[in-house]
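A.B. asks: Sequence plus the predicted model coming up.
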Amino acid sequence: MKAGTYLKRLFYPPHCLLCGQILDVRAAAAVCTHCRPADYIPTNPRCPVCSRPVDLAGKKCPGCRAHHNVTVGRGTLLYRDAVQESIHAFKYEGMKEYASGYAKLMIEFDRDFWSGLGEDFALVPVPIHAKRRRERGYNQAEELARALAEAFLQKTGMRIPVWPGLLRTKHTAPLRQMGAQSRRRALAGAFQTDSRAGSPPVQALVLIDDIYTSGSTIETCAEVLKKHFPNIKVFFWTAAIRE
C-alpha cells in the first residue's frame, strides 16, 4: 500500500460495506470477516435482461416483461437487509467511501459480465439534476463509476474511461415514491447528451448506478444514448438490484 493511501486510511479508516464496522487500515477487503457478501448475490437462473433470479432459464422476470425492458445488464447485490441499509447510507448519508467497496465486489462477482464486454467500453454514470446534487453534495453514480475505473486499473490493468456526456436536465420528485409507469412519465425528456463530450470512442457504453428498481431510469438513459450513438451498444451495471 502506498504511503499516501495508508495515511489517508489511517486518519479516515474504511468501514465494512455491510455492517459499518471499522476495518483494519491495511485491509484490502470491502467487508469485515463477519459479513458475507456472497449471501446477497442473485442465484441462477437469472432474467436475461436485468439479471434478477427467475424460475426458468431464459425467462424474463415479471418486471422486465411488464415494463418492456430491453437494456441488458447486471445488478451485483440483492437490495435487501444489510445491502439496503448500505445503499441508503451511500446515497443519502454521505458514505461516498462505499463506492470503492461496491466496485471491488462488482468486479469480483460479475467477472462473467464485464469480461464479455471486452476492453473497448466506457462507464457512463447516470446523472442527477443540479438541484439534487446541491442537496446531496455528490452524485453516487459518478462516485461508483470512478471507483470502478480505479478498481479495473488496480485489479486488471485495464484503463476503462468514464464518459461524462449524459446530462440530467429535468428535475423530478424522488422516483422511489412512484410506480414504474409514473417513473417513465416523470423521466420523459429528463436526459440529454452533452455535445461538449463528443462521441465516445468505444464500442459499448455501460450505464452505472447504485440500484436498479423498475428499470425506468436505465431504459430512459439508454434510449437517449442509442438515439445519439446508434452504432454503440448500451448496457447497464448497478451495485444492487431490487428483487
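C.D. replies: Structure received. Residues are numbered from 1 along each chain as shown.
A.B. asks: Now for the closest residue to I41 other than its chain neighbours: which residues touch it?
C.D. replies: Leaving out its chain neighbours, the residue that sits closest to I41 by C-beta to C-beta, 6 or more residues apart in numbering is F109, at 5.5 Å. Bear in mind the C-beta positions are built from the backbone N, C-alpha and C, glycine included. F109 makes contact with 37-38, 41, 76 under the criterion C-beta atoms under 8 Å, 6 or more residues apart in numbering.
A.B. asks: Distance of F109 relative to L166?
C.D. replies: 26 Å (C-beta to C-beta, to the nearest Å).
A.B. asks: Give me the three-state assignment for A145.
C.D. replies: Using DSSP: H, G, I helix; E, B strand; the rest coil, the structure places A145 in helix.
A.B. asks: that older thread, top of the contacts of F109 by neighbour count?
C.D. replies: T76 (25 neighbours; other C-beta atoms under 10 Å).
A.B. asks: That residue touches I107, doesn't it?
C.D. replies: No. Shown here, T76 and I107 do not form a contact pair, counting by C-beta atoms under 8 Å, at 9.2 Å.
A.B. asks: where's the residue nearest to Y92 when sequence neighbours are not counted relative to Q154, distance?
C.D. replies: Excluding its sequence neighbours, the residue lying closest to Y92 (C-beta to C-beta, 6+ apart) is R136, at 7.2 Å. Here R136 is placed at a distance of 27 Å from Q154 (C-beta to C-beta).
A.B. asks: what do you get for A197?
C.D. replies: 25 Å.
A.B. asks: Then A188?
C.D. replies: Separation of A188 from Q154 (C-beta to C-beta): 39 Å.
A.B. asks: So for these two, which sits in the more crowded spot?
C.D. replies: Legend: neighbour count by other C-beta under 10 Å for A188 and Q154, higher for Q154 (14 against 11).
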